[in-house]
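Undergrad: Please work out how this folds:
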Amino acid sequence: MKNTIRLIIFAFALLAYSPLSAQYANPSGDLKPVSDDDIWAKTLEGNHYNEMWNYQFYLNDGITVHAAFSVANFGSFKAPVSGLQMSIQNLDGQLYQVSREYPIDQLIQDREKNIFKLHPNRTISFQGNLPEEHRVNIEFTKHDVYYKVELEFSNIQRGFKWGDGTFHIEGQDVGIITHIPYAEVQGTVAVNDVEKNVRGTAYMDHTYHDRAATDIMDSGYRFVHHEDSKNWDLLYFLLPKDASNNSTVGFRLKNTDGSISVNGIEKISRMNSSETFGVDVARVMDMNMEDDTEIRLSRTDDFEKFSILSELGWLAKKAAKSFLGGEVISLRGEAILMEQANRPKRGYYNFYVVD
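TA: Okay, here's the model as predicted:
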């Protein structure tokens, strides 16, 4: 009888310390190629959901474009919507930021033609069966400013997800899929009468969960380094709200001379912050990896701050922050990734913090 009790206690102890019961856990298993179905919205049911397809374009002459397609339902705060948040940097030495929103019932997901379009009568879409082909088409006028981004993808590297793509944060599941780790693009970017033919590289990931980011996140961190189709380095990790010991979920996805690997990011072991655009955000971070190595990410140049609430008036913004539990502020710029015995890698950061 005593042996039986000891075995039961031992079994419960194992469960208590198993990864499945941990507050924060990365997926288990190997990297898997993204399937054709993975690109479509996964969260359109329920009272709350938040899903985003985050495109980042690094183009000639220092031009950068960020275009985040989204679907969201914030419960009683407002009706469910699809949307676009876009910024264009350095087209003519200026920064342009714009958002669009449409009722969710106008969203088109045409699986036969591989088209994701926010509204049937608007040119805001991505389409094509990855990794064979892909394009982004955005064209509209808002507040008398004309915007156009038409980019065709080539040399698209296959996307991946780690295990089932599900990360665990205190009982909440967060999905992360890297659909386009690296691709080459060419096309046209225009604002008003300034139009340029552009070439460069592109990255796109897909994040989804059934809670508002303000409920479960303190901050999130992306870094993209593109050298060529066989050499790129990507970080995407999340710091949960009230995380003990700065524990994180997320990963490093790396291609070195055609050899692709994934490594979990377990925690931020050291963080020095500084203010940019009036926001206190990480300037230097040291991260502990699952394979017991360490890496360092350092912000070197700051391009922009972006919040979808910035378009609201003061009273409306205050009400929205109160209801949502905060404001998600995105920051973008350049950064350097460093690790022992390897040369530094320059790339682009995209952080967000919950204020």
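Undergrad: burial count for Asp292?
TA: 7 (other C-beta atoms under 10 Å). (Each C-beta comes from the backbone N, C-alpha and C, glycine too.)
Undergrad: do Glu294 as well
TA: Glu294 sits with 13 neighbouring residues when counted by other C-beta under 10 Å.
Undergrad: Repeat that for Ser259.
TA: Neighbour count of Ser259, defined by other C-beta under 10 Å: 9.
Undergrad: what's the pLDDT at it?
TA: pLDDT recorded at Ser259 is 97.
Undergrad: For the closest residue in space to Ile108 that isn't next to it in sequence, give me its contacts.
TA: Leaving out its chain neighbours, the residue that sits closest to Ile108 by C-beta to C-beta, 6 or more residues apart in numbering is Lys117, at 4.2 Å. By C-beta atoms under 8 Å, 6 or more residues apart in numbering, the residues touching Lys117 are Leu107, Ile108, Asp110, Ile124, Ser125, Gln127.
Undergrad: Is the third one bridged to anything, and to what?
TA: Using DSSP bridges, the beta-bridge partners of Asp110 come out as Ile115.
Undergrad: CA atoms only: put stretch 286-304 into CSV for me.
TA: The C-alpha coordinates for stretch 286-304 follow below in CSV (Å, rounded to 0.1, in the frame of the first residue of the first chain):
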residue,chain,number,x,y,z
ASP,A,286,20.4,38.5,-24.0
MET,A,287,18.4,35.3,-24.5
ASN,A,288,18.9,31.8,-23.2
MET,A,289,18.2,29.2,-25.9
GLU,A,290,16.9,25.6,-25.4
ASP,A,291,20.2,24.2,-26.5
ASP,A,292,22.0,26.1,-23.6
THR,A,293,23.5,28.7,-25.9
GLU,A,294,23.0,32.5,-25.6
ILE,A,295,22.3,35.2,-28.2
ARG,A,296,22.1,38.9,-28.0
LEU,A,297,19.8,41.3,-29.9
SER,A,298,20.6,45.0,-30.0
ARG,A,299,18.5,47.8,-31.4
THR,A,300,20.7,50.1,-33.5
ASP,A,301,18.3,52.5,-35.4
ASP,A,302,14.6,53.3,-34.8
PHE,A,303,12.4,54.0,-37.8
GLU,A,304,8.8,54.3,-36.5
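Undergrad: What are the buried residues along it?
TA: Going by neighbour count (16 or more other C-beta atoms under 10 Å), the buried part of stretch 286-304 is Asp286, Met287, Asn288, Met289, Ile295, Arg296, Leu297, Ser298, Arg299, Asp302, Phe303, Glu304.
Undergrad: Correct me if wrong: the first one contacts Glu294.
TA: Yes. Taking C-beta atoms under 8 Å as the definition, Asp286 is a contact partner of Glu294 at 5.9 Å.
Undergrad: neighbour-wise, which of the contacts of Lys117 leads?
TA: Highest neighbour count within the contacts of Lys117: Ile124, with 23 neighbours (other C-beta under 10 Å).
Undergrad: rewinding a little: can you report phi and psi for the residue nearest to Ile108?
TA: Here is the backbone geometry of Lys117 (degrees, to the nearest 10): phi -140, psi 130.
Undergrad: Model confidence score at it, please.
TA: For Lys117, the predicted pLDDT is 98.
Undergrad: Quick check: the nearest residue to Glu170 once chain neighbours are set aside vs Gly264, distance?
TA: What sits nearest to Glu170 in space, not counting adjacent residues and going by C-beta to C-beta, 6+ apart, is Gln23, at 5.2 Å. Applying C-beta to C-beta, to the nearest Å, the value for Gln23 to Gly264 is 15 Å.
Undergrad: now do Asp228
TA: In terms of C-beta to C-beta, Asp228 sits 26 Å off from Gly264.
Undergrad: Which one's more surrounded, the two?
TA: Counted by other C-beta under 10 Å, Asp228 and Gly264 do not tie: Gly264 has more neighbours, with 20 against 12.
Undergrad: Assign Asp38 to helix, strand or coil.
TA: Classification of Asp38 by DSSP: H, G, I helix; E, B strand; the rest coil places it in helix.
Undergrad: Give the closest residue to it in space, chain neighbours not counted.
TA: With sequence-adjacent residues excluded and distances taken as C-beta to C-beta, 6+ apart, Asp38 is closest to Ile177, at 5.5 Å.
Undergrad: the longest strand in the chain is where?
TA: strand 172-191 (DSSP state E).
Undergrad: Would you mark the buried spots in the next helix or strand after that one?
TA: As assigned by DSSP states H and E, the chain's next helix or strand after strand 172-191 is strand 194-209. Neighbour-count burial for strand 194-209 flags Val198, Gly200, Thr201, Ala202, Tyr203, Met204, Asp205, His206, Thr207, Tyr208, His209 (criterion: 16+ other C-beta under 10 Å).
Undergrad: What pairs with the helix or strand hosting Met287, parallel or antiparallel?
TA: Under the criterion of DSSP H and E, Met287 resides in strand 279-289. Strand 279-289 has its sheet partners listed here by DSSP bridges as strand 259-276 (antiparallel), strand 294-306 (antiparallel).
Undergrad: which residues touch that strand?
TA: Outside strand 279-289, the residues within contact range by C-beta under 8 Å, 6+ apart are 219, 221, 237, 248, 252, 263-275, 294-299, 305, 329, 331, 351, 353, 355.
Undergrad: Ok, stretch 172-180 next?
TA: 34, 38-39, 42, 53, 55, 130-131, 134, 153, 156-157, 159-162, 165-168, 202-211, 216, 234, 236, 238, 249-251, 253.
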